[in-house]
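Asks: Show me the folded form of this:
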Amino acid sequence: MEEIPVHGLEELERHVQQLAEAPETPLDTKLFDEVELQLNDTNIPPLIPRLLPNLTQVLLAYDKDPTILASLCMKLLRPVPFTQALTLASEDALIQALRSPAPAAAILAITVIEKAARSPSDTAILSIMKGVVEEFLRTWLSTPHVEVGEKATKALGDLLEVDCDRRTSATIDTKMSGLQIASNMPPGQGLLWRRIFQDREIYNLLFSLCSFHTIGTGPSQLDERQKSLAQARLLRVLPRLAVLDFQTITRSHFPEIEGRYKIDQHGLLYFAAVDMVNKEEDMLMHITVIDFFAEFLDVMSMTELTKSTMDYLAALMKKVASTDETLYKSLEAMALDPETSPELVDLLVKLNEYP
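Replies: Okay, here's the model as predicted:
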């Protein structure tokens, strides 16, 4: 220990061991803070096997606010790869942390899960963990904590980007390097995409938690406020997914599920853009949908669109024009705004004139 002196480390080890044996022991927050403040990239690696296993055990049994425990765990986990993290936190432990009412516990679990975005092989491993993926998506959409929702939204986008099999999924080519997937990353296998879109229970979860037809207070239901948060989170991630794999988010995967939620046409994108929100009664979400269309079409305008993609976009815009006058007028105003990018204006004009 002379090479990496950390004041209070031995005392903390004894305290954590005591917590593991007797979870009701009062937490010495000052000691935790003191040790955490001394941690850095040099001294963290040798401390991982000394502290993390017992900290993980304590977290599973701790029934009070775990913020202090989770904070130290996250710092220790920073250099740990996904596969090693799984030896410290089992699938059941991750699910339990995601279900915790404490945001710190959920954030810790997402910190482990998002490590799978470091390589396609790691996302492939994650895709096998159906229970973790399902609970991650449930937490993403149903958590009332904004910081948890934001972290999960980013993690989901990162994971699906790394997992994207660009050899088979691409239907659009990007013009701007900012929209391109990192060229030094090997293509993913698409296994996480298939876990989400081709697993009946998980696919249904996206619709049931986001559809305004399922507002309620019963099991697996969300009240009005939480429903709006879930809808906004889905809308936020879709423009990114559209660039990655437009076909997957715009085609039917389980017609009986999509039909259950009164979708005129198939696909998650169409559901979110047209049928998900009760625009007459939820004014704020109607505004969010309008903002979504602006972002979505802006992203699409920066791509080389295939004919099939243009056909889909044109059909979507015709539906909007006939059912949502406010949204249509907003897009019309955007086309006339001198600050709108030339690419977006060009796309809006083409869609308006599309046969």
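Asks: Return the list of helices and strands in contact with the lengthiest helix in the chain.
Replies: Longest helix of the chain, by residue count under DSSP state H: helix 224-244. Using 3 or more Cβ pairs under 8 Å, 6 or more residues apart in numbering; DSSP states H and E as the contact criterion, the neighbours of helix 224-244 among helices and strands are helix 130-142, helix 146-163, helix 200-210, helix 246-250, helix 268-270, helix 283-301. In short, each C-beta sits where N, CA and C put it, glycine included.
Asks: could you give me the average pLDDT of it?
Replies: Over the span of helix 224-244, the pLDDT mean works out to 95.
Asks: hang on, the earlier thing: to T42, which of the helices and strands packed on helix 224-244 lies closest?
Replies: With Cβ to Cβ as the measure, helix 146-163 is the member of those nearest T42 (26.8 Å).
Asks: How about residues contacting the closest one?
Replies: Residues lying outside helix 146-163 but in contact with it, judged by Cβ atoms under 8 Å, 6 or more residues apart in numbering, are 103, 106-107, 110-111, 113-114, 116-120, 122-124, 126-127, 136-137, 139-140, 143, 181, 185, 188-193, 196, 229, 233, 236-237, 240-241, 244-245.
Asks: Pull out the buried members of these.
Replies: By the neighbour-count criterion of 16 or more other Cβ atoms under 10 Å, the contacts of helix 146-163 include these buried positions: 103, 106-107, 110-111, 113-114, 116-117, 119-120, 122-124, 126-127, 136-137, 139-140, 143, 181, 188-193, 196, 229, 233, 236-237, 240-241, 244-245.
Asks: out of everything not next to it in sequence, what's closest to Y328?
Replies: Of all residues not flanking Y328 in the chain, A321 sits nearest, at 4.8 Å (Cβ to Cβ, 6 or more residues apart in numbering).
Asks: can you confirm the one you found is in a helix?
Replies: Yes: using DSSP: H, G, I helix; E, B strand; the rest coil, the secondary structure at A321 is a helix.
Asks: coming back round to it: out of the helices and strands packed on helix 224-244, which is the most enclosed?
Replies: Across these, the average number of neighbours (mean count of other Cβ atoms under 10 Å) peaks for helix 268-270, which reaches a mean of 23.
Asks: returning to what we had before: among the helices and strands packed on helix 224-244, which is nearest H15?
Replies: Each of those was scored for nearness to H15 using Cβ to Cβ, and the closest is helix 146-163 (27.4 Å).
Asks: The closest one vs helix 130-142, what angle?
Replies: 130 degrees (axes from the mean of the first three to the mean of the last three Cα atoms, to 10 degrees).
Asks: for helix 146-163, what is the average pLDDT?
Replies: Confidence over helix 146-163, taken as the mean pLDDT, stands at 97.
Asks: and the angle for that helix with helix 224-244?
Replies: Between helix 146-163 and helix 224-244, the angle formed by their directions is 20 degrees, by the same axes, to 10 degrees.
Asks: Dump helix 146-163 to CSV, restricted to CA.
Replies: What follows is helix 146-163, C-alpha atoms only, in CSV (Å, rounded to 0.1, in the frame of the first residue of the first chain):
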residue,chain,number,x,y,z
VAL,A,146,-35.1,13.1,-14.7
GLU,A,147,-31.4,12.3,-14.2
VAL,A,148,-32.1,8.6,-14.5
GLY,A,149,-34.2,9.0,-17.6
GLU,A,150,-31.5,11.2,-19.3
LYS,A,151,-28.7,8.8,-18.5
ALA,A,152,-30.8,5.8,-19.8
THR,A,153,-31.7,7.7,-23.0
LYS,A,154,-28.1,8.4,-23.8
ALA,A,155,-27.1,4.8,-22.9
LEU,A,156,-29.7,3.3,-25.1
GLY,A,157,-28.7,5.4,-28.1
ASP,A,158,-25.0,4.5,-27.5
LEU,A,159,-25.7,0.8,-27.2
LEU,A,160,-27.8,0.6,-30.3
GLU,A,161,-25.3,2.6,-32.3
VAL,A,162,-22.5,0.2,-31.4
ASP,A,163,-24.7,-2.8,-32.0
